[in-house]
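S.K.: I'll drop the sequence and a predicted model, then ask my questions.
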Amino acid sequence: MAEYPITVASVPSTACYPSTPQSLLNSLAEYITVRIDDEKQVYIVSATAPDAVNQDKPWFQTYSGGGGYGLPKVVRLYSNGEWKEFAQLKQGDMILVEANKAVNSPWGESGYTYSFGDTGIANYVPSVLPTAPEGFKYKVYVGYWTTKS
């Protein structure tokens, strides 16, 4: 995560509390300085895995079907020899949903093997899920998979 040093100048004792939100922002801008380095982060937006030269950059993986950049699927970071999905969930996390809800990527269900295309990520087989209450089913977090067999 980026850090931005903040420098605050002396505020004169005669300064009054601003009467509107806009005047408050104007006062803050007058007395506070934020240093943002010129270093820019480069991102890769692509349906295919970035080459070795670009493995130090975040990859916004897109859906390969369709025109333009396609639909965004997932953000990945390269770590320990493979592209890992940047998500707050981990493989195996479960949620309970209504029985008529579709199970679409990045969710899965037990009894299948999930593959992740040319990302270098190993296939994943979810463990057997518990029996859900009547009218419900479990979905398991797999990650953005490309094939299910």
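M.R.: Cool, the structure landed.

S.K.: could I get the host helix or strand of Leu25 in PDB with only the CA atoms?
M.R.: For Leu25, the host element (DSSP states H and E) is helix 21-31. Included here for helix 21-31 are C-alpha records, laid out as PDB according to Å, rounded to 0.1, in the frame of the first residue of the first chain:
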ATOM      1  CA  PRO A  21     -17.600  22.300   3.800                       C
ATOM      2  CA  GLN A  22     -16.100  24.000   0.700                       C
ATOM      3  CA  SER A  23     -14.400  26.700   2.800                       C
ATOM      4  CA  LEU A  24     -13.100  23.900   5.100                       C
ATOM      5  CA  LEU A  25     -11.500  22.100   2.200                       C
ATOM      6  CA  ASN A  26     -10.000  25.400   0.900                       C
ATOM      7  CA  SER A  27      -8.500  26.100   4.300                       C
ATOM      8  CA  LEU A  28      -7.000  22.500   4.500                       C
ATOM      9  CA  ALA A  29      -5.500  22.900   1.000                       C
ATOM     10  CA  GLU A  30      -3.900  26.200   2.200                       C
ATOM     11  CA  TYR A  31      -2.200  24.600   5.200                       C
END
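
S.K.: That helix - what's its average pLDDT?
M.R.: Helix 21-31 comes out with an average pLDDT of 75.

S.K.: Next secondary structure after it?
M.R.: Heading C-terminal from helix 21-31 (DSSP H and E), you reach strand 32-34.

S.K.: Check which helices and strands the helix holding Leu25 is in contact with.
M.R.: If you count contacts as 3 or more C-beta pairs under 8 Å, 6 or more residues apart in numbering; DSSP states H and E, helix 21-31 packs onto no helix or strand. C-beta here means a position set from N, CA and C on the backbone, and glycine is covered the same way.

S.K.: Where does pLDDT dip in this structure?
M.R.: Counting by pLDDT under 70, the ranges of the chain that qualify are 1-4, 35-40, 64-72.

S.K.: just the strands in this structure please.
M.R.: 6-8, 32-34, 44-46, 59-62, 72-79, 82-85, 94-98, 107-108, 114-115, 136-141, 147-148 (DSSP state E).
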